[in-house]
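In: predicted model follows, preceded by the sequence.
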Amino acid sequence: MVSAMHAIDRKLIRDFRRLWAQALAIALVLACGVAILLTSLGMYRALEETRTAYYERNRFADVFVSTRRAPLSLLRELGQISGVQAIEARIAGDVILDVPGLDKAAVGRVLSLPEVGQPVLNVPVLRSGRLPETPFEVAVNEPFALSNGLQPGDQFSANLNGRKRVLTLTGTLLSPEFIYTLGPGAMMPDNRTFGILWMQRAAAAAAFDMEGAFNDLSLKLDLYAQEPEVLDAVDTLLEPYGGLGAYGRNQQLSNSFIDAEIKQLRSMAVVLPPVFFAISAFLVAMVLGRIVTLERSEIGLLKALGYSDVEICIHYLMLAGLIALCGVAIGWAVGTWLARGMSQLYVEFFDFPFLIFHVSSWVYGLSGAMAIAATTFGAARSALAAARLSPAVAMQPPAPPRFRRTLIDAAMSWARLSQPTVMILRSLTRWPLRSAMSALGLSLAVAAVMASSFITDSLDTLIDQAFYQSNRQDAVLVFAKATPLSVLEDVGRLPGVMQLEGQQYHVAVLRHGQFEKRVSVEARFPGVDLSRVISATGAVVEASAGGIVLSDVLAEQLHLRVGDMVEAEFLTGKRGRYRMLVTGLVKQYFGLGAYVDLAYLDGLFGRATEVTVANVTLDDAALPDLHAALKGIPNLAATNMLTEARRSFEDTISQNVTIMTTVYITIAVLITVGIAYNGARIQMSERARELASLRILGFTRWHVSYILVGETMLLALLAQPLGWGIGHLLAWSMTAAFSSDLYRIPLVIKPATYASASLVVLGAALGSVLIVRRRLDNLDLVSVMKTRE
Amino acid sequence: MTAGPSMPATSPTEPRIVFRTEGVTKVFANGEVKVRALDGVDLELFSGEFAVLLGPSGSGKSTLLNILGGLDHVTSGRVWFRDTELTGMGDRELTRYRRDHVGFVFQFYNLVASLTARENVQLVTDVAAKPMPAEEALDLVGLAHRMDHFPSQMSGGEQQRVAIARAIAKQPEILLCDEPTGALDSKTGVQVLEALHGINDRFGTTTVVITHNAEIRRMADRVIRFHDGHIVAVEVNTEHVPPSQITW
């Protein structure tokens, strides 16, 4: 028996070698599932573990709040709030920097360090040099130093409290607060023009006029603390001191970006791999079913020779197992490579002091086990059928497939279809499950292409609305505090400024019944041209006096409709609660917009007109002069060059979309090839005899090819509408998954996207079936005469 | 061995030659072993005759039938169909030749499982130059009442008769049958032979039947015996027996 087992194993290996092309087509689909599971789950765990470890080691705070100016004596009371474990009060402020070698102004976020020792919370990691020890020394975040080629000992200057000071760099740091570092109003991280500056408390206090006070607070909560209650208590205590509303980690900018990434990885790990495993299982079922049919008499023979049912069953399961092994090997290799590429991307976007970016061995184990489970599941039916065949029955030829006349046949006769066409249609209806599964698989391929390429359509719409319809200014100049309107005259005199409009930004809590949201409220002059509010229909919307215009998402979160009253508690400007009428809703893709009339707001505040930002259009030729001039302007907290932001946003997006589209098209092609190639091979095997008979009867190669190619291509065509539907659904769920308070992606799918998805799949299907078709040229017409199937 | 001059005695005038072969040799290379399936066969087949090729397995009769039917190429020698030389024809021309002139009947029927009897016949009538209606062909083999049945709903004899109907529907000049009764019992086999005989009688279709079954020779005009790739004897049968009197 031992030597006989060897023989059956040899049969296994030879069968596998004979089937290599079909096995490879399945293995590649399986490999997609394994690779995606490995990458997404691996990176998800890695990113989450790295973040958790970093937060723990460096005591990342749980609650954050900014305030205008609160006395240090308040810390005692704040520390006594129930659930607060530790507290860190700082001075924070934005300053304009003049960095040698940088032709434009950079913005620095200054954070104070305690007089003695390390901060209690958000402890920075020293990467090089040392912490600042004298008033004009600073440490900066490492990415800022690297991007600008700064090293300890280098100097640059900053506008501190209206005076230009030379600062000396003593060291570089990383902080858990700034894993994802986004400048004020920026859409993409830009480490050259935005940096974090840590300086001694005394120096920061002098710069921002904060002696004996603080304006930035972080709190660490104990395990049993109720965060909402702590937030309320903090807000109450800080209210007299211009508190801007406390928030938890979920609204901390850096953390919420990482959260979004982690969430995306997790949903990718949950949604995508099962699709590939299901398709692989189906393909294995299809191929193995055919093999068992073909090997009927051999199975009978093996049983007659004394092989047990279990041995036969295992023999066929092992054939599926070999396919799984190939898929797992390819999947692991590709997945490891992808994970490495992805961690490269994370290193670029996220600033961690250490990386736990390796994929754990259990993830390899899990992906391998799932792949083997999928193929075993797919093989089970055929393997069991082989085991159950009684030897006597097995050695007889199988009964011919049964066809019966149905209503469809009546329709076909009525339509006077040619016999080859009737053969194609009968085959589809004879194996409805197989046809339906194949069509479903092909439609998933169509959907996969759509799910990636629709993003271009959506982002085109988003970019057009955000950059070319709404925000048409070239730059936004942000003042450190509200400034009289006359400041616009100064700005107008700056070199290269062509068009100029002032605007106010305020922090406010909007309330409606039990719902409330902390948002930024924009106040504008009527008829402005540069920064406009645009509705979904493209019309300009303006808030009238006494009214407020909201973005539809914000209105939805607050359960507000046009005509409702909303309470706005302003935390900046003149603090107070005001009731406003919701006069309009607009569809927007960035942020949670709320808009009021500027004159009306200043009237409420009972003050002369002020502005907090200036929107400008610029003459490109004068840009160097402008940047030089901006570096010297006091009271300027930040400059956002929107033209550059647009370009870098578009570049980043197009680069990411290209990568994503390439990956998804590869996936779609692999699925299509897996289904179309295997389907055609099986058809070829089932039909070889019929097709050869037709050749003998005088049918040309073209005729016979039509039957083979026709069935696959008809299935592929039938799959298109379903694919478009699934693609649409997938695109919708992706836009829903991507949307957050920070941004939303509109669901836009252009006809060209449907068309290109279909072309990719139809092309891949045709290519696969044409490869199989070549076998028709070598059909052995003679043997058909003699042999029985 | 020349089999040309031997003619059916019943023929009143000089019969027309349908097939002529000259020194036909076919060698199959099976790995390193070469098998000489046909070894210098010279043969003439005449219009309207019912010829039976008889011989043991491997004697070369099927190989010859395949070459006559345009399914296989000779290794050496020449073959003519009327005045047209088949040897040297390309794939396209052979396909055309099969479509226009030859009807095939196989041992295992080779019906398309997904097509009904009528549709299987229509496969041929759709592409032939001057076919008879599919229904008429099925009627000729006695299957007018089974036209809309699928192969899985018919007996072996019925399936073979559908195959014959399919072969004759194009009104071919030649009917090539490879062991048409090989998979059938005696009773259904006789039904099939009757169908073939009826066609030969009625349309004068040259019919070549390969068989192991020596009984079938009793209904033939000529019997050509094969052995080891050679024609060893050609017998003219003077006493035709109707198929109904044949049993095995």
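Out: Received the coordinates, thanks. Because the structure is a prediction, the values reported are computed rather than measured.
In: closest point of chain B to chain A, which residue?
Out: Residue of chain B nearest chain A, by CB to the nearest CB: B:Arg99 (2.6 Å). Heads up, the C-betas are built off the backbone N, CA and C, glycines and all.
In: mind listing what that residue touches?
Out: B:Arg99 is in contact with A:697-699, B:127-128, B:170, counting by CB atoms under 8 Å, 6 or more residues apart in numbering or on different chains.
In: which one among these gets closest to A:Asn215?
Out: A:Phe699 (86.8 Å; CB to CB).
In: and the closest one, how close does it get to A:Phe354?
Out: A:Phe699 sits 69 Å away from A:Phe354, going by CB to CB, to the nearest Å.
In: and A:Val140, by the same measure?
Out: 20 Å.
In: those two: which has the busier surroundings?
Out: A:Val140 (28 against 11; other CB atoms under 10 Å in any protein chain shown).
In: hang on, the earlier thing: mind checking the SS state of the residue of chain B closest to chain A?
Out: helix (DSSP: H, G, I helix; E, B strand; the rest coil).
In: quick check: it vs B:Thr125, distance?
Out: In terms of CB to CB, B:Arg99 sits 12 Å off from B:Thr125.
In: which neighbours do the two have in common?
Out: With CB under 8 Å, 6+ apart as the test, B:Arg99 and B:Thr125 both reach B:Lys170.
In: what number of residues lie near residue 188?
Out: As the question left the chain open, I've gone with chain A. Neighbours of A:Met188 using other CB under 10 Å come to 14.
In: that answer is for a different chain, and I need it for chain B
Out: 18.
In: for chain A, what are the nearby residues on chain B?
Out: Selection of chain B residues close to chain A by CB under 8 Å from any CB of the partner chain yields B:62, B:66, B:69, B:71-72, B:91-92, B:95-96, B:98-100, B:102, B:104, B:106-108, B:110, B:112-116, B:119-120, B:122-124, B:126-128, B:148, B:150-152, B:166, B:170, B:178, B:183.
In: now, which of the residues you listed lie within helices?
Out: Counted as lying in helices by DSSP state H, out of the residues of chain B next to chain A, are B:62, B:66, B:91-92, B:95-96, B:98-100, B:119-120, B:122-124, B:166.
In: where do the helices of chain B begin and end?
Out: Using DSSP H, helices in chain B cover B:61-68, B:91-101, B:117-125, B:134-140, B:156-168, B:186-203.
In: packing partners for the third one?
Out: Using 3 or more CB pairs under 8 Å, 6 or more residues apart in numbering or on different chains; DSSP states H and E, the elements in contact with helix B:117-125 are helix A:419-430, helix B:134-140, helix B:156-168.
In: try it again with 10 Å
Out: Judged by 3 or more CB pairs under 10 Å, 6 or more residues apart in numbering or on different chains; DSSP states H and E, helix B:117-125 is in contact with helix A:407-414, helix A:419-430, helix A:642-696, helix B:134-140, helix B:156-168.
In: quick one: is the third one near chain B?
Out: Yes. For helix A:642-696, a contact with chain B is found by CB under 10 Å from any CB of the partner chain, at A:686-687, A:689-696.
In: need the three-state assignment for A:Ala543.
Out: Assignment for A:Ala543 (three-state DSSP): coil.
In: grab the nearest non-local neighbour of the residue sitting nearest the centre point of chain A.
Out: Centroid check for chain A by CA atoms, centre = their mean gives A:Gln264 as the closest residue, at 5.4 Å. What sits nearest to A:Gln264 in space, not counting adjacent residues and going by CB to CB, 6 or more residues apart in numbering or on different chains, is A:Ala737, at 6.9 Å.
In: in its sheet, which strands sit next to the lengthiest strand in chain A, and in what direction?
Out: When chain A is scanned for its longest strand (criterion: DSSP state E), the result is strand A:497-512. Using DSSP bridges, the strands paired with strand A:497-512 are strand A:515-524 (antiparallel), strand A:565-570 (antiparallel), strand A:610-618 (antiparallel).
In: tell me the helices and strands packed up against whatever helix or strand comes next after the first one.
Out: So that's strand A:515-524. As assigned by DSSP states H and E, the chain's next helix or strand after strand A:515-524 is strand A:547-551. For strand A:547-551, the packing partners by 3+ CB pairs under 10 Å, 6+ apart come out as strand A:497-512, strand A:515-524, helix A:552-557, strand A:565-570, strand A:576-586, strand A:594-597, helix A:598-605.
In: for the third one, buried residues please.
Out: Yep, that's helix A:552-557 we're talking about. Under the neighbour-count criterion of 16 or more other CB atoms under 10 Å in any protein chain shown, helix A:552-557 has A:552-555, A:557 buried.
In: please apply the same query to the last one.
Out: If you call a residue buried by 16+ other CB under 10 Å, then helix A:598-605 has these buried ones: A:598, A:600-602, A:604-605.
In: other residues contacting it?
Out: Taking contacts as CB atoms under 10 Å, 6 or more residues apart in numbering or on different chains, the residues outside helix A:598-605 that touch it are A:482, A:485, A:502-504, A:506, A:521-526, A:528, A:543-548, A:568, A:570, A:573-576, A:578, A:580, A:596-597, A:607-611.
In: now it: average pLDDT?
Out: Averaged over helix A:598-605, pLDDT sits at 88.
In: tell me the angle that helix makes with strand A:515-524.
Out: Computed by axes from the mean of the first three to the mean of the last three CA atoms, to 10 degrees, the angle separating helix A:598-605 from strand A:515-524 equals 120 degrees.
In: swap in the longest one?
Out: In terms of direction (the same axes, to 10 degrees), strand A:497-512 departs from strand A:515-524 by 160 degrees.
In: hang on, the earlier thing: the residue nearest to A:Gln264: neighbour count?
Out: Around A:Ala737 there are 15 residues (other CB under 10 Å).
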